[in-house]
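Participant: Here's a sequence, model it:
(chains A and B)
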Protein chains: 2
Amino acid sequence: MSKSELVVLGQDAEPAACCSPMVREPLDAADAVDLARMFKALADPVRLRLLSLIASHEGGEACVCDLTGPFDVSQPTISHHLKVLREAGLVGSERRGTWVYYRAVPGALARLSALLAIPPAARPGTPA
Amino acid sequence: MSKSELVVLGQDAEPAACCSPMVREPLDAADAVDLARMFKALADPVRLRLLSLIASHEGGEACVCDLTGPFDVSQPTISHHLKVLREAGLVGSERRGTWVYYRAVPGALARLSALLAIPPAARPGTPA
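Facilitator: Numbers count the residues shown, from 1 in each chain, chains lettered A, B, ... in the order given. The predicted structure is shown next:
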């Protein structure tokens, strides 16, 4: 599979509509359940570092073989953390030959980023 | 205390330097520990909704008395969740008269938002 096809696959996973900043309007209960699950996947230092290694890796994807070196944890632990990130929709994976390759799901990161953004007009203390 | 003083207090809590997007460079281990703690505070649907109620409330602050109505949980549970958000640096609080008032810490939300942002030039598949 070519790299360009991979990119299209990654973008298919983006949610159609993105989050309104929470500073603008309260979250509804169903969205909160969904988003809390994604934040839970980010609530671990090793998973955060794994996600940032994948997302910042050359070409936007990283092989499992690129991900074990920097950590003082076992390969099964890394695999477990990658599974949690995948199940939360934050990374996608694909086996090619011997290795599994991971890439961040840009739409998922963008959704969380938009949720937490502080639009200038919504900054507390800014005159409306 | 006037409202404008409160705003200044909130802004004092902003970190001096904001995060580089994780898509651009891998997180270092110390930052990952700090950020994972903040994401852990967001990893609960009730806390996410509380934070969004506070952040989107008129004037950028909410009294505890504004926060119990929408939830099907007890007042002590709400207080516990508010404490977790406060300890993670996501909200600040101040007692005025009978009530404690909460406001989101804009710098903390902006830091997490920047970390998760996808700069156009860093989108996987975008030519460098």
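Participant: going forward, measure contacts between C-alpha atoms and count neighbours the same way
Facilitator: OK.
Participant: Show me the residue at the heart of chain A, geometrically.
Facilitator: Among the residues of chain A, the smallest C-alpha distance to the mean C-alpha position (CA atoms, centre = their mean) belongs to residue A:90, namely 3.1 Å.
Participant: In chain A, mark out all the helices, start to finish.
Facilitator: Ranges of helices within chain A are A:3-12, A:29-42, A:45-56, A:64-67, A:75-87, A:106-116, based on DSSP state H.
Participant: May I see the ones you listed organised as CSV, with mean neighbour count added?
Facilitator: As requested, the helices of chain A are exported to CSV (neighbours: other CA atoms under 10 Å in any protein chain shown):
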stretch, mean neighbour count
helix A:3-12, 14
helix A:29-42, 19
helix A:45-56, 24
helix A:64-67, 15
helix A:75-87, 17
helix A:106-116, 23
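Participant: how about those in JSON lines, adding mean pLDDT and distance to residue B:96?
Facilitator: Supplementary listing: the helices of chain A in JSON lines, determined by pLDDT from 0 to 100; distance: least, CA to CA, whole Å:
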{"stretch": "helix A:3-12", "mean pLDDT": "36", "distance to residue B:96": "48"}
{"stretch": "helix A:29-42", "mean pLDDT": "96", "distance to residue B:96": "30"}
{"stretch": "helix A:45-56", "mean pLDDT": "95", "distance to residue B:96": "37"}
{"stretch": "helix A:64-67", "mean pLDDT": "88", "distance to residue B:96": "50"}
{"stretch": "helix A:75-87", "mean pLDDT": "94", "distance to residue B:96": "42"}
{"stretch": "helix A:106-116", "mean pLDDT": "95", "distance to residue B:96": "27"}
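Participant: Please name the residues that touch the nearest residue to residue A:109 once chain neighbours are set aside.
Facilitator: In space, not counting the residues next to it along the chain, residue A:109 is nearest to residue B:116; the distance is 5.4 Å by CA to CA, 6 or more residues apart in numbering or on different chains. Shown in contact with residue B:116 (CA atoms under 8 Å, 6 or more residues apart in numbering or on different chains): A:109-110, A:112-113, B:21-23.
Participant: Residue A:114 now?
Facilitator: In this structure, residue A:114 makes contact with A:18-21, B:113, B:117, judged by CA under 8 Å, 6+ apart.
Participant: Take the residues you listed and lay them out in CSV including distance to residue A:47.
Facilitator: CSV is the format used below for the contacts of residue A:114 (distance: CA to CA, whole Å):
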residue, distance to residue A:47
A:18, 23
A:19, 23
A:20, 26
A:21, 24
B:113, 17
B:117, 17
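Participant: Who wins on neighbours among the residues you listed?
Facilitator: Neighbour counts for these peak at residue B:117, which has 26 neighbours (criterion: other CA atoms under 10 Å in any protein chain shown).
Participant: Identify the residues contacting that one.
Facilitator: By CA under 8 Å, 6+ apart, the contact list for residue B:117 reads A:109-110, A:113-114, B:21-23.
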